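Peer 1: could you look at this predicted model? Sequence included:
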Amino acid sequence: MHISKQKPVMILIHEIYGINDHMKSVIYHFDKVGFEVYCPHLLGKVKNFPYVSENEAYDYFMNKVDFDESVKIVLNVAKELKTKNALRDIFLIGFSVGATIAWRCSQYDKLFTGVIGFYGSRIRDYVHLAPACKTLLFFPKIEASFNPLEIAEILKKKDNLCVRIVEGKHGFADPYSTAFHAESKNSCFQEIDDFIKMCLLEE
């Protein structure tokens, strides 16, 4: 069994809405199971957006935040933690745009023990990337802007990567969303638990 003097780290990457009740519930979950959790605030001066302001939140993220800057922020947090303890296990988990950011970060060797992403729609723009660590991606069967099955077919050929398609729509893991699908969310979190244990055993 993997033994560490320090708690493993989970870096949570939020959605376009910021650190809302859903993100707080994920922070609580991983804190409770033994992680030291970090959730970088990517929205700058804006605290967060309500779900009814989806279009405004999306425009703000794309125009004021963007993926490149978000990737830099997340990598800086991880590198700072690695500088303090090179042996420390660092995991990433992201939801929606956060999953795409996590996917882009997964290509950096020797930084992350494992990467997890939920319904990262824009991963379809970065299918050429190859994860350098164990990576687990969840997509719903139904997405408005693309066919998850087609993306899964492309991605599943890559090393270090496991792709799961589950029942539901974008947002299925969020209990505060109208798209919430409890059964899919619970099965994914059980798989995450197994994935984390596997990653730690292989270290």
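Peer 2: Thanks, I have it. As the structure is a computational prediction, the values presented were derived from the model and not from experiment.
Peer 1: every contact and neighbour count from this point should use C-alpha atoms.
Peer 2: OK.
Peer 1: and the strands in the chain?
Peer 2: 9-13, 36-38, 90-95, 114-118, 134-142, 161-169 (DSSP state E).
Peer 1: among the ones you listed, which is nearest Phe67?
Peer 2: For the strands of the chain, the distance to Phe67 is smallest for strand 9-13, at 11.5 Å, taking CA to CA.
Peer 1: would you mark the buried spots in the helix ranked longest in the chain?
Peer 2: Using DSSP state H, we find that the single longest helix of the chain is helix 182-202. For helix 182-202, burial by neighbour count (16 or more other CA atoms under 10 Å) applies to Ser184, Lys185, Cys188, Ile192, Phe195, Ile196, Cys199, Leu200.
Peer 1: do you know how far the spatially most central residue of the chain is from Ile101?
Peer 2: The residue lying closest to the centre of the chain (CA atoms, centre = their mean) is Gly94, at 1.7 Å. From Gly94 across to Ile101, the span is 7 Å (CA to CA, to the nearest Å).
Peer 1: now the common contact residues for the two.
Peer 2: Ile13 (CA atoms under 8 Å, 6 or more residues apart in numbering).
Peer 1: next, the contact list for Asp159, please.
Peer 2: Ala130, Pro131.
Peer 1: need phi/psi at it.
Peer 2: Its backbone dihedrals place Asp159 at phi -70, psi 160, with angles given as degrees, to the nearest 10.
Peer 1: what pLDDT is listed against it?
Peer 2: Asp159 is assigned 95 on the pLDDT scale.
Peer 1: for the one 3 residues further on, same thing?
Peer 2: What the model reports for Cys162 is a pLDDT of 97.
Peer 1: residues near the nearest residue to it once chain neighbours are set aside, how many?
Peer 2: Excluding its sequence neighbours, the residue lying closest to Cys162 (CA to CA, 6 or more residues apart in numbering) is Leu136, at 4.9 Å. Using other CA atoms under 10 Å, Leu136 has 22 other residues around it.
Peer 1: nice, that's everything, thank you.
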